[in-house]
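Undergrad: Sequence plus predicted model, see below.
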Amino acid sequence: MIKQLATKTASLVGGLSKAIDIRDILVFGGLGLLGYGLWLLRPWLGFAVAGAVLMGIGYLMRDE
């Protein structure tokens, strides 16, 4: 049972490492820090800017 669990965990970690790139971590980490920094300034400003940036990322990632 432990071998099956280790095998499934290894395949899950391998799949995640193929799906997630360092660019993803940098983009969403930076977006989170931007949103938090703006939240400290004004809460509504943090939501507005973070939402606009996420919509822009979604727009740029669309299929053509």
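TA: Thanks, I have the structure now.
Undergrad: The protein: helices as residue ranges?
TA: 2-19, 22-41, 43-60 (DSSP state H).
Undergrad: For the ones you listed, give me CSV that also has mean pLDDT.
TA: CSV is the format used below for the helices of the chain (pLDDT from 0 to 100):
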stretch, mean pLDDT
helix 2-19, 78
helix 22-41, 82
helix 43-60, 84
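Undergrad: could I get the ones you listed as CSV with mean neighbour count?
TA: Yep, even glycine has a C-beta here, placed from its N, CA and C like the rest. Formatted as CSV, those follow (neighbours: other CB atoms under 10 Å):
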stretch, mean neighbour count
helix 2-19, 9
helix 22-41, 12
helix 43-60, 12
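Undergrad: list the contacts for the most centrally placed residue in the chain?
TA: Nearest to the geometric centre of the chain sits residue 28, at 4.1 Å (CA atoms, centre = their mean). Residues near residue 28 by CB atoms under 8 Å, 6 or more residues apart in numbering: none.
Undergrad: Distance-wise, check it relative to residue 35.
TA: 10 Å (CB to CB, to the nearest Å).
Undergrad: For residue 20, grab phi and psi.
TA: phi -110, psi 130 (degrees, to the nearest 10).
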